[in-house]
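Novice: generate coordinates for the sequence data below:
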Amino acid sequence: MNLEHARFNMIEQQIRPWDVLDQTILETFGFIQRELFVPKIHQALAFADVEIPLGHGEHMMFPRVEARMLQTLKISPDDTCLEIGTGSGFVTACLAHLSKHVDSVDIHEDFTRQAEERLFNLKLRNHTLHTADALRDSASTKQYDVIAVTGSIPRYLPHFENQLAPGGRLFIVVGQGAAMQAMLITREADGEFTRTKLFETHLKALAGANSDTDRTFIF
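Specialist: Here you go, the predicted structure:
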């Protein structure tokens, strides 16, 4: 496979047609080597318009959804980010490339370990990875400019909003079934929140998110 040709086609045929026109995001997908974050057994799918299996029933997001999420979050070099769901580490790498620092948490220890190795090999150091259950572990008081949630929740709960700094942006997918709603939540300077529906998509639920839809998320 011609990697650069496949990468170019991913950007031009999948990402750009999904209204991802921010040149910084397009360049990030050209720069971060997505093939290094794909399990070897699925290397041929590195740039395909599919959700690539990672193990534990988890998958990498569609490239177009990853790119649309990153564009929506309007990440700047001074931003501190939180990622819920490290997965392969590819989105972590993109966030690290675009921002000042990334904290990322995943429930699967092997995902965290493998992602750390991949990020190290790319010489990315502005990140901290955590193995934890983001829906049940102790609440954090740290606030972030950007929060990217890479798994869905069945209904909207406002807890993640509490970790947004003034002006902070949160991307999350809410719903059940085939049609879920991607949302952008912004914390305004006066402490109020703006919640905007973006587009319909489908994203696997965060581990444990469907087991008790009435509880409050406390990470």
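
Novice: ok, now which ones touch His127?
Specialist: 92, 95-96, 101-104, 119 (C-beta atoms under 8 Å, 6 or more residues apart in numbering). Where C-beta positions appear, they are placed from N, C-alpha and C, glycine not excepted.

Novice: how about the residue most central in space within the chain: what's its closest non-neighbour residue?
Specialist: In the chain, the centroid-proximal residue (C-alpha atoms, centre = their mean) is Thr150; its distance is 4.1 Å. Spatially, and ignoring its direct neighbours in sequence, Thr150 is nearest to Gly85 (3.7 Å; C-beta to C-beta, 6 or more residues apart in numbering).

Novice: just for the protein, where's the confidence low?
Specialist: 1, 138-139, 211-219 (pLDDT under 70).

Novice: do a quick rundown of the helices in it.
Specialist: For the chain, the helices defined by DSSP state H cover 3-9, 23-31, 63-73, 90-98, 109-121.

Novice: looking at those, which is buried most?
Specialist: Ranked by mean neighbour count, the helices of the chain are led by helix 90-98 with a mean of 25 (mean count of other C-beta atoms under 10 Å).

Novice: now that one - C-alpha only, CSV.
Specialist: Extracted C-alpha coordinates of helix 90-98, given in CSV (Å, rounded to 0.1, in the frame of the first residue of the first chain):
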residue,chain,number,x,y,z
PHE,A,90,-4.5,8.4,17.7
VAL,A,91,-6.9,11.1,18.8
THR,A,92,-4.6,11.6,21.8
ALA,A,93,-1.7,12.2,19.4
CYS,A,94,-3.8,14.7,17.4
LEU,A,95,-4.8,16.5,20.6
ALA,A,96,-1.2,16.6,21.8
HIS,A,97,-0.1,18.0,18.4
LEU,A,98,-2.7,20.7,18.5
